[in-house]
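Participant: sequence plus predicted model, see below.
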There are 2 protein chains.
Amino acid sequence: MAVQHALKTSRSEDFSAWYQEVITGSDLAENSNVRGCMVIKPYGYAIWERMQQILDDKFKELGHTNAYFPMFIPVDLFEREAEHVAGFAKEMAIVTHHRLEQRDGKLLPAGELETPLAVRPTSELIIGESMAKWAKSYRDLPILINQWCNVVRWEMRTRMFLRTAEFLWQEGHTAHETESEARKEAIQMHEVYKWFICDVLKLFGISGKKPEYDKFAGAVDTYTVEAMMQDGKALQAATSHYLGQNFAKAVGIEFQGRDGKLQHAHTTSWGLSTRIIGGLIMTHSDDDGLNLPALVAPYHVVIIPVIKNDNSHNIMEYCNKIKSMLPDSIRGFIDTKEYSPQNKKWNYVRKGIPFILEIGSKEVEAGSACVTKRLSLEKKNMPLDEFVASIERMLVDHDEFLQQRNSAFCNSKIAHISSYDELSEFFKSGNTGFVKAKWAGGSSNLEKLDELAVSIRCIPTEQSGTIGKCILTDAQTTIDAIFAKSY
Amino acid sequence: MAVQHALKTSRSEDFSAWYQEVITGSDLAENSNVRGCMVIKPYGYAIWERMQQILDDKFKELGHTNAYFPMFIPVDLFEREAEHVAGFAKEMAIVTHHRLEQRDGKLLPAGELETPLAVRPTSELIIGESMAKWAKSYRDLPILINQWCNVVRWEMRTRMFLRTAEFLWQEGHTAHETESEARKEAIQMHEVYKWFICDVLKLFGISGKKPEYDKFAGAVDTYTVEAMMQDGKALQAATSHYLGQNFAKAVGIEFQGRDGKLQHAHTTSWGLSTRIIGGLIMTHSDDDGLNLPALVAPYHVVIIPVIKNDNSHNIMEYCNKIKSMLPDSIRGFIDTKEYSPQNKKWNYVRKGIPFILEIGSKEVEAGSACVTKRLSLEKKNMPLDEFVASIERMLVDHDEFLQQRNSAFCNSKIAHISSYDELSEFFKSGNTGFVKAKWAGGSSNLEKLDELAVSIRCIPTEQSGTIGKCILTDAQTTIDAIFAKSY
């Protein structure tokens, strides 16, 4: 007999429809009437707030401070860095007017601007302009700035969290005296992302460098964490860039060095966006909806009063008692809204609250709690004292389960391949996952990957050191690369 | 002999130039190269972060949750509420294109949008559209949402913090079943603002209702806190609006009531922006720079090592010891940067750090601290133990001094006036401050105020109840109103 699930569509039937259903069912977000823009609903935003807090604390611990820069970038400022503008020109929202005027019964743009303004797709140039004012001497360096804000990249095909015209992110921007310091910073922040993605969110990620042709527009080196989703596709989860002196030269971040000579700073930038929520969804959710690791879960425990007849006072009192007994580290709440307890339960299953308590007369009398574990959907009656004493441990187990399940799954989806034919066969026969294979670099025969709708995700930091044939060019190389389909 | 101050310009010489100097001298913000947009520098942003934390905690305590809505609003959505669009049409940034294209060697806007998009000046309509989807039944109400974001109002004459094209704010948006609930919410949030502005920031504010002709575009009632600055002008510090069913009708927030009938919700909105930082500056700063109340001060204590010869190790050790001895509630830091201790001291005077410690060999040997109180600039040598034991009390005194000084000043600048001639004489003879006088309401003779560049700031919540003649129309009335020049 088929098991009944809380979502209509399963992952195996239609991954993409399932993804949408997880979002709708857990009330994370919805499409807006504005093309390509989404609404992040309170439950989705609460997850983002937890992520922000964890990252913000870490950034500050490492000496960064937050600031805020204009979201408008004059188009002529963009022209200063040729690669950068080439990378973003095709997807920018452009402000051309500064008011609306009633004409022929319609509201039309009026007050044309002399220089059109781009809504920031990223802020290297505008922040760089300020850094140019701040960095007069080596004593003013390093400058370690972060900004939490919205950015716009005009995507034609959008998808909630993964690809939207407007999205939220943080962008770190730093300026340093020397190349080695700047490289150290870029790698340090890459490692912060790796920690956040793999240890906090418990995604499976491979960290490495982007191939030359797929770097951030204007960067010297781009470091990435490529996370594997349950459909075997890669999600570029967060990137950190060593920008060399490219942007410093474009905007004039020039300082007097220890040798008394004027020189350009070395800069970095690094960003993580609300896209990661899409990655979180596609990593841990199941056919019953969302699952969340403890650190970013808005709630760990929901208490549902199951009220029949007139026992409501005792039940509510008992629910309040349970809530007050929870350890400080456990975020709990009582759902007192007017709808059926059964609907509530499935609502919280879809929302991925790790522990769902149903409390009726029976529990009040027995001094117990009826506990459903979200991960197994097993329901168990526990003495209240025992529940309270073990909830922290149960939450640790919840997290370990999430991590191990995902890690086992992803590890099983890594293939080692030694020729293009094998690669082609692998993807054409419907396999999914990450392929590790030799690649000699450069830009030869990349079109052979396009044919498979596969790309080189990264050159992993961990390299085997073995020698083999590049699967695209047959050249001898030691370089391991990760090939995959991607979001 | 004239006292030497840390700023070049004094308040009495040129208030406006002094204001700019306080901002520059304390490193809060700077103008950007983007017309009308400012850069909020790390020290300024740290103050905003403290404000955000305090307000956000309060909003959540009162049941609100954060969410995020698109920053683009299709122009045709704006047309739904006639008063609203009339109020904002003249100052909106309009996006008309979605990419840039190289033509004749220049980057020009391309990809014209079918419907132009306004960058949000406020979000009643776009958030209302979501609420219309969410509110099906009275059981779905109230909806209590807040959003922290950037907004754009294209101001022609801009001034840092007070009036910029882009600014940061929070905007609360709520929908309710009944008028009385919505009015209660609007007043509750107005009171939260009053508490924040007067009790947390220690500004002097008079709370009341805006006159009909000066309400938020589309509101039924606008509640305001009008704060008095040191030049006697009023700053509208935060507003809360009861919107009636205006926006609910415009976007269709319709729900099934307890009586089974479809009805429109009653909505509110309320906002406080980075403008308040301007108010903070113009309230507490003096001719030596910024002063900050403890709750929003990024730091309470700065420790400056005064290193000569080779005693650096002992001094640094002693500085670290001081920092580690500070109570948890006290935010302290050691400035180890490479520039002269004397410049550091004046830098922190301008930044308004309440207590500035200079630590040299003498202090290390004596087990003492050389403490400069920012408010009096008095320097005193205190035994370290005594300093540590009394710092929390000293900070309370600091706050009390700020509050009392400002409150005494502002109270002395409130005039009671009973005729237009008196009002005219008051302002024409160079007096500054708030004038309390009778006003019968309506829109008659308001141009007489324009002649004086004075406006009706609010009808205070606290009314005397006495009868008198309206200073504009001679009509008998009990209504007290506040008249002032304003920002």
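Facilitator: Thanks, I have it.
Participant: for the rest of this, base every contact and every neighbour count on C-alpha atoms.
Facilitator: Noted.
Participant: what residues does the stretch 51-200 of chain A have near chain B?
Facilitator: Residues of the stretch 51-200 of chain A lying near chain B by C-alpha under 8 Å from any C-alpha of the partner chain: A:65-76, A:79, A:89-101, A:107, A:109, A:116, A:130, A:139, A:145, A:149, A:154, A:166.
Participant: which among the residues you listed end up buried?
Facilitator: Among those, those classed as buried by 16 or more other C-alpha atoms under 10 Å in any protein chain shown are A:65-75, A:79, A:89-100, A:107, A:109, A:116, A:130, A:145, A:149, A:154, A:166.
Participant: what's the neighbour count on the closest residue to chain B within the stretch 201-350 of chain A?
Facilitator: Nearest residue of the stretch 201-350 of chain A to chain B, counting by C-alpha to the nearest C-alpha: A:Glu338, 6.8 Å away. Applying the criterion other C-alpha atoms under 10 Å in any protein chain shown, we find 9 residues in the vicinity of A:Glu338.
Participant: just the pLDDT at it, thanks.
Facilitator: In this model, A:Glu338 is scored at 84, pLDDT.
Participant: repeat that for A:Gln170.
Facilitator: In this model, A:Gln170 is scored at 98, pLDDT.
Participant: among the residues of the stretch 51-200 of chain A next to chain B, which lie within strands?
Facilitator: Among those, the members falling in strands (DSSP state E) are A:65-66, A:72-74, A:94-101, A:107, A:109, A:116, A:145, A:149, A:166.
Participant: skipping its backbone neighbours, what lies nearest A:Ile334 in space?
Facilitator: A:Ile303 (4.6 Å; C-alpha to C-alpha, 6 or more residues apart in numbering or on different chains).
Participant: er, A:Asn146 I mean
Facilitator: Spatial nearest neighbour of A:Asn146, chain neighbours left out: A:Gly172 (4.1 Å); criterion: C-alpha to C-alpha, 6+ apart.
Participant: repeat that for A:Tyr68.
Facilitator: For A:Tyr68, the closest residue by C-alpha to C-alpha, 6+ apart turns out to be B:Ile40, at 5.0 Å.
Participant: okay, now that neighbour: neighbour count?
Facilitator: B:Ile40: 26 surrounding residues under other C-alpha under 10 Å.
Participant: so what pairs up with it in the strands?
Facilitator: For B:Ile40, the beta-bridge partners are A:Tyr68, B:Ala29 (DSSP bridges).
Participant: does it touch A:Ile127 like I think?
Facilitator: No. Counting by C-alpha atoms under 8 Å, B:Ile40 stays clear of A:Ile127, with 11.1 Å between them.
Participant: give me the common contacts of these two.
Facilitator: A:Phe69 (C-alpha atoms under 8 Å, 6 or more residues apart in numbering or on different chains).
Participant: list the buried residues for the longest helix anywhere in chain A?
Facilitator: Using DSSP state H, we find that the single longest helix of chain A is helix A:384-411. Buried residues in helix A:384-411, counted by 16+ other C-alpha under 10 Å: A:384, A:387-388, A:391-392, A:395, A:398-399, A:402-403, A:406-407, A:409-410.
Participant: that helix packs against which elements?
Facilitator: Packing partners of helix A:384-411 (3 or more C-alpha pairs under 8 Å, 6 or more residues apart in numbering or on different chains; DSSP states H and E): helix A:275-284, strand A:368-373.
Participant: quick one: that helix to helix A:275-284, angle?
Facilitator: 100 degrees (axes from the mean of the first three to the mean of the last three C-alpha atoms, to 10 degrees).
Participant: middle-most residue in chain A, spatially?
Facilitator: A:Ile276 (1.3 Å; C-alpha atoms, centre = their mean).
Participant: just the element for the nearest residue to that residue once chain neighbours are set aside, please.
Facilitator: Nearest residue to A:Ile276, sequence neighbours excluded (C-alpha to C-alpha, 6+ apart): A:Ala237, at 5.9 Å. Element membership for A:Ala237 (DSSP states H and E) is strand A:234-242.
Participant: quick one: that strand to helix A:275-284, angle?
Facilitator: Angle, strand A:234-242 to helix A:275-284, by the same axes, to 10 degrees: 140 degrees.
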